[in-house]
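A.B. asks: how would this look folded up:
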Amino acid sequence: MATNQRPAGGGSRNVEVVSLSQAEYNRAVKSELQRLGVSYRKLRAQARADEFTSLRARKLWLAIGEARSGRH
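C.D. replies: The predicted structure follows:
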């Protein structure tokens with residue numbers, strides 16, 4: 001994981017940017033799915049029904065969405 005400070009939109013404030021390798025990203029997603037007690041498939045079903053079991057599940061879906069389709 002790499003962390004860099006970059007100016008936000010040309011302004012004087014900095015924004016922290018975290019870069020993950022694909023393996024790190026996959027581990028993080030898998031870990032969060034396990035923590036929520038759902039599979040990717042079940043989370044996707046919750047999204048399609050727009051009925052999430054928790055705010056954390058909704059946030060995870062917003063972060064990973066369909067891009068993860070079929071991998072969990």
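
A.B. asks: what helix or strand is the most centrally placed residue in the chain on?
C.D. replies: Nearest to the mean C-alpha position of the chain, counting by CA atoms, centre = their mean, stands Ala63 at 3.4 Å. Applying DSSP states H and E as the criterion places Ala63 in helix 55-64.

A.B. asks: which strands and helices sit next to that helix?
C.D. replies: Helix 55-64 is packed against helix 22-36, helix 40-49, with contacts defined by 3 or more CB pairs under 8 Å, 6 or more residues apart in numbering; DSSP states H and E. Where C-beta positions appear, they are placed from N, C-alpha and C, glycine not excepted.

A.B. asks: so of these, which one's packed in deepest?
C.D. replies: helix 40-49 (a mean of 15; mean count of other CB atoms under 10 Å).

A.B. asks: list the helices and strands that one packs on?
C.D. replies: Applying 3+ CB pairs under 8 Å, 6+ apart, one finds that helix 40-49 makes contact with helix 22-36, helix 55-64.
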